[in-house]
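S.K.: Let's see this in three dimensions:
(chains A and B)
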Amino acid sequence: MILGLTRSWSLAGYSIAAVIILPLIALIVQAAFPDEAVFSHLFDTVLPTYIANSLLLMLLVGIGSLLIAVPAAWFVARCEFPGRRYFQWLLLLPLAMPAYIVAYVYTDMLDYAGPVQRALRAAFQWSSPHDYYFPAIRSLGGAAMMLSLVLFPYIYLLARTAFMEQSSSLLHASRIMGCSPWRSFWRLALPMSRPALAVGVALVAMETAADYATVSYFAVPTLTTAVYDTWLGYGSLTAAAKLSAIMLLVIFTLVGVERFARRKQELFQKQSALNDSDRYRLSGFKAIGAWFYCSALLFLAFLLPFIVLTGYAIEYFEQSWDDRFWQYSWNSLYIAVLVSGICLILALILMFVRRVSPRSTDSLPSRLSSTGYALPGTVLAIGVLVPLTYLDFAINDVYDWFGARGPGLVFTGSAIAIVFAFSVRFLAIAIGSLENSYKRISPSLDMASITMGQTPQQLLIRVHLPLLRKGLLAGALLVFIESMKELPAALLLRPIGFENLATYVFQFVSDEKLEHGALAAIVIVFVGLIPLIYLNRSLEHTS
Amino acid sequence: MKMVKGAAVLGLACLANSAMADDALTVYSYRQAFLVEPILEQFTQDTGIKVNVVFAKDGIAERIAREGRLSPADVVLTSDFSRLMELVEKDLVSPVNNEVINNNIPEVYRSPKNEWYALTMRVRNVYSSKERTGKVDINYEDLAKPEYKGKICTRSGKHPYNVALVASMIAHHGEADTKTWLEGVKSNLARKPQGNDRDQVLAVKEGMCDFAIGNSYYYGNMMMDENQKSWAEAVYINFPNQDNRGAHINVSGMALAKFSPNKDNAIKLMEFLTSNVAQQAYADVNMEYPVKADVKPSKLVASWGEFKADPLPIYKLAENHQAAVKLLDEVKFDL
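M.R.: Model prediction:
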């Protein structure tokens, strides 16, 4: 790029990156401290089980969501059947459902005391659990199923795009060579979409690794719950940091896999895409089968939990519609707005530096600042608390030195800790969104503005900003919804006595009475639906 | 630019939120709101001292430790004994030598150094199915016997209530025997430890198991709850070890935070919590046994009959707490 960017812009970029990776560094430093034998005790007893559970869960959820998502994506992308257009976006809805809520609803139904087993017992006159076998829903397998049900849309979305973007000439060739739809799926479409599927599975596995609520509700001990318990149960932050380091190792391996897969993916997808007439027209049983599959999936993953939740919310409306509901909604809202604003501004600075700087190293800040997304909430919380506590004490020490009374716990005692953690975790989303938008702005516009004597600030405000509007909006929306949903970081970092919608709902889930928190849960789901609609629209425009 | 301004305003608002009024007391509480709030309101009415109370299920000790000398906490209320010990172990409390409190709380229910005080007590008892087993004479030791295979339900072994029970077993039998006992209990479980104490009673009602381990006050609380009354009615409450040492007792309690910014008022609150008014409220609202000698349990609780309590001093449990947690891990009780 020809624009000589002033040093102060790059400096701003590097400063932002330094603050954003601070938690990661703090975590690694903390993990290096000795820890009074807590970790070695864990290592000798339960840790191997925790690690095995975590890995097994990631594997099962990966396979589970793959099996669910690929057929759905294939039907929607490559076949024509009644309702296809609607299923295209309806199948994204489960993303708005927090996994622990789906888990709760199914546990209520499938547990020993639930309606399904009660009906079975009545029908066959069984009287105790020894009379028959019924798989336990509160188990590793159960957790894997619940997580697959809400996470499969990630793979579905990527697979659908991959199937749609596969070259139509290849498809025609396969037809001419006499390939049946099945053969064409197995021999062409599936192998060609492998990179996209790998990215999807990696994403799903990362989300699974970060899940705290579902596994804790199901009493399936994993690394995430172990971090939580070690910190608060054994009271050892250092041992918790060591566990976190193990988890990060697993996650960064996944990120590596994802990167590797994505590198290949670009090669595959630069060809002419499919159009409507290339779809296989399903008729008769096949059409019914495809319709039934998509409907069942939608029903199980979204409609059923949603209906149950709405039922609860109506039944308990009187008790739920109180001041606290408003207070917690407000807490969720202002934090989400604040975090979206911060992420947007930071992402804009980082991406602007990357765009116009003549120095190739200036893309480093934006890349470093994207690593936060890989930190699960529990792990991030530790990384955030360590430096903020240090800062709090430093501020008060300065006051003391001047003989004045310090302001107390400015950072860790207020919502600032949560805002910081969320910003670190979700900045990557805003950066990604802007990165895509920037790709669509021709560099010649930048050059033209420079020749017309615009300063970098003017270039940003008068040229880039108006053109980035959509990307900014999309980024802000996605950060907003993630901030509304994020649970473990909020649980660990909230000022004592502070609740937002997510912690409020989870408290009811862990007390086995979601009924009372259903209204708040519905709000989370509804807020989550907004960006999905937007996301789908923008996808349709591109395809 | 509007957005930047908006963000700045919101940021300031959230800073302002954190600042609290100076003279008010801050109570960190493991105990639930519905239980503590009415009692604290009474205190504010009587004395004019405002109380900000904040609740958390876990992590309070860890938080106070991290907050150090900057902690705003004045008084900590815990729902069980091990949390009190955790506070003492981490050196987060300051001793109170107050005549009023010492007169109200018998010696066995407070720390020898006045570092903490019990406020209420409860029995960790064994519920049994009315339909399938009837009322039973049972010892905690029996729960490991082979004839109970597949018949016992309990919450997570790591829950403080269960940890305290295991600690008392270690105090009486030593670590090796307790480990064997834990292995026996684990192999008798009808399902993996899960849920809370009430869920275990529901599981008995539903036929999942015949015996459930649980705290006594839940029996009363379930009786008072329209939806859960039928659960409680499906079981008997049995006080264990009545023919020998007596039933294991756990306590809820309070401690003065080491760096309490407002010690004088904090001690006033602590005095109030040991008074007849507050003790009676604990007994009536949460169906627990008051520690103050002249305060009677609620009628419902009294109707369960007298019981013999394990005379092991509460603070003796402390010495075995860590060992109990480790044993639970070693036998993989929850896995």
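S.K.: Disregarding residues adjacent in the polypeptide, which is nearest to residue A:174?
M.R.: Spatial nearest neighbour of residue A:174, chain neighbours left out: residue A:184 (4.7 Å); criterion: C-beta to C-beta, 6 or more residues apart in numbering or on different chains. All C-beta spots, glycine's among them, are computed from the backbone N, C-alpha and C.
S.K.: tell me which element the one you found falls in.
M.R.: Using DSSP states H and E, residue A:184 falls within helix A:181-184.
S.K.: And that helix, what does it pack against?
M.R.: Secondary-structure packing of helix A:181-184 (3 or more C-beta pairs under 8 Å, 6 or more residues apart in numbering or on different chains; DSSP states H and E): helix A:168-176.
S.K.: redo that, cut-off 10 Å
M.R.: Counting contacts by 3 or more C-beta pairs under 10 Å, 6 or more residues apart in numbering or on different chains; DSSP states H and E, helix A:181-184 packs against helix A:47-78, helix A:168-176.
S.K.: before we move on, back to that, contacting residues for the residue nearest to residue A:174?
M.R.: Applying C-beta atoms under 10 Å, 6 or more residues apart in numbering or on different chains, we find residue A:184 in contact with A:78, A:170, A:171, A:173, A:174, A:175, A:177, A:190, A:280.
S.K.: With adjacent residues omitted, what lies nearest to the residue in the stretch 351-500 of chain A that chain B sits nearest to?
M.R.: Using C-beta to the nearest C-beta, the single residue of the stretch 351-500 of chain A nearest to chain B is residue A:497, 2.9 Å away. Counting by C-beta to C-beta, 6+ apart, the nearest residue to residue A:497 once its immediate chain neighbours are dropped is residue B:54, at 2.9 Å.
S.K.: so what strands line up beside the helix or strand that that neighbour is a member of?
M.R.: Assigning secondary structure by DSSP H and E places residue B:54 in strand B:51-55. Paired with strand B:51-55 in the same sheet, following DSSP bridges, are strand B:25-29 (parallel).
S.K.: Just the mean pLDDT for the strand it pairs with, thanks.
M.R.: In this model, strand B:25-29 has an average pLDDT of 92.
S.K.: any idea how far that strand is from the chain center?
M.R.: Its chain's C-alpha centre lies 17 Å from the corresponding centre of strand B:25-29 when counted by C-alpha atoms, centre = their mean, to the nearest Å.
S.K.: Next SSE downstream of it?
M.R.: helix B:33-47.
S.K.: just checking, what packs against that following helix?
M.R.: Checking 3+ C-beta pairs under 10 Å, 6+ apart, helix B:33-47 ends up next to strand B:25-29, strand B:51-55, strand B:75-78, helix B:263-273, helix B:276-286.
S.K.: Go again with 7 Å.
M.R.: Packing partners of helix B:33-47 (3 or more C-beta pairs under 7 Å, 6 or more residues apart in numbering or on different chains; DSSP states H and E): strand B:51-55, helix B:263-273, helix B:276-286.
S.K.: Select, out of these, the one closest to residue A:531.
M.R.: Checking the helices and strands packed on helix B:33-47 against residue A:531 by C-beta to C-beta gives strand B:51-55 as the closest, at 32.7 Å.
S.K.: can I get the CA coordinates of the closest one in PDB?
M.R.: Coordinates of each C-alpha in strand B:51-55 appear next as PDB, following Å, rounded to 0.1, in the frame of the first residue of the first chain:
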ATOM      1  CA  VAL B  51     -27.300  -4.000  54.900                       C
ATOM      2  CA  ASN B  52     -26.300  -4.800  51.400                       C
ATOM      3  CA  VAL B  53     -26.400  -8.600  51.000                       C
ATOM      4  CA  VAL B  54     -25.000 -10.400  48.100                       C
ATOM      5  CA  PHE B  55     -25.400 -14.100  47.400                       C
END
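S.K.: Now do that strand and helix B:263-273, the angle between them.
M.R.: Interaxial angle of strand B:51-55 relative to helix B:263-273 (axes from the mean of the first three to the mean of the last three C-alpha atoms, to 10 degrees): 70 degrees.
S.K.: Other residues contacting strand B:51-55?
M.R.: Strand B:51-55 has contacts (C-beta atoms under 7 Å, 6 or more residues apart in numbering or on different chains) with A:496-497, B:20, B:24-29, B:32-33, B:36-37, B:40, B:43-44, B:269.
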